[in-house]
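K.L.:
Build me a model from this:
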Amino acid sequence: MFKALLITSLYVLDQNKALDFYVGKLGLEVNTDQDLGFMRWLTVNVPGDARQILLERPGAPGLDEKTAEQARELVTKGATGGTLFFTTDDCWKTYEELRAKGVEFTEGPTERPYGIDCGLRDPFGNHIRFSQLLQVPTATARATKANR
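P.N.:
Just a heads-up that it's a prediction; the model follows:
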């Protein structure tokens, strides 16, 4: 059976612009940046986390040109379903730090039943949320996992 999720893919329209945003503004780090000839394999991750995000330009080898163009249109509209959800220890502090770097938000920090979170979009339309999760008592956390 599966042990872990290692890489998830997110469509971006310009990988250099994506690097500037994800590394320069959000503070992620480059894991792999390699020219494979037929595509650039560019992954980033939260520092210290092995899970990677493949910042992939829609196109070959996975998509023919007509489908790639349709995918690029959907990315621009924020309609590809690409969403990242990060956690933080202090939602308000992270929000203020990112605003100071010029990150534009779709929703400021908001109290929710599970914690405080907010939303933004990357330069291509992909949705990003980050949350300061409420601490759940250990007994409640075990009961929740047991019910899955």
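K.L.:
which residue is nearest the middle of the chain?
P.N.:
Leu84 (3.2 Å; C-alpha atoms, centre = their mean).
K.L.:
Would you mind measuring from that residue to Ile116?
P.N.:
Plainly put, Leu84 is 17 Å away from Ile116 if you go by C-beta to C-beta, to the nearest Å. All C-beta spots, glycine's among them, are computed from the backbone N, C-alpha and C.
K.L.:
Repeat that for Glu107.
P.N.:
Separation of Glu107 from Ile116 (C-beta to C-beta) stands at 11 Å.
K.L.:
who has more neighbours, those two?
P.N.:
Set Glu107 next to Ile116 and count neighbours by other C-beta atoms under 10 Å: Ile116 wins out with 19 against 10.
K.L.:
Report the distance from the strand or helix carrying that one to the chain centre.
P.N.:
For Ile116, the element it lies in under DSSP states H and E is strand 115-121. Computed by C-alpha atoms, centre = their mean, to the nearest Å, the separation of strand 115-121 from the middle of its chain amounts to 12 Å.
K.L.:
And for stretch 55-72?
P.N.:
Counting by C-alpha atoms, centre = their mean, stretch 55-72 is centred 19 Å from the centre of its parent chain.
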